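# pasting a predicted model and its sequence here:
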Amino acid sequence: MIIINIILPLLTIAILIYIVINLLRKVEALEDDVDDSTKLVESMNESITKALSRMREVDRLGSFEADDETSFVFTEIQTALDKLNNEINPNGEETKEEK
């Protein structure tokens, strides 16, 4: 009886320690994935911001928007970039380059 009173709690503690360590590993792996995803989103945001500013710089006089042949493509590209920018910055927060 004394052996059961000693072994059972020790076995339970060992199982609980294993469970905690296993869960800790999983949480750390998920945190790494979140960090990677955050870096990817920040990189995409930077690329989109650069593309938007470059398009605005190229069309600073509005000549591409006014031309019938290129205005459709230019408008579609600008719309797609604006949509991507709105998905990344849903609150409409301005980035450093846009200020």
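In hand now; what should we look at?
# can we go C-alpha only for contacts and neighbour counts from here?
Fine.
# which parts of the chain are helices?
Applying DSSP state H to the chain gives helices spanning 2-58, 63-66, 68-88.
# for the residue nearest the centre of the chain, what are its contacts?
Nearest residue to the geometric centre of the chain (CA atoms, centre = their mean): residue 41, 3.3 Å. When contacts are counted by CA atoms under 8 Å, 6 or more residues apart in numbering, residue 41 touches residue 88.
# find the nearest non-adjacent residue to residue 51, please.
Leaving out its chain neighbours, the residue that sits closest to residue 51 by CA to CA, 6 or more residues apart in numbering is residue 81, at 7.7 Å.
# ok, the one you found - how many residues close by?
Neighbourhood size, residue 81 [other CA atoms under 10 Å]: 17.
# TSV for the helices of the chain, including mean pLDDT?
Output for these, formatted as TSV (pLDDT from 0 to 100):
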stretch	mean pLDDT
helix 2-58	89
helix 63-66	68
helix 68-88	76
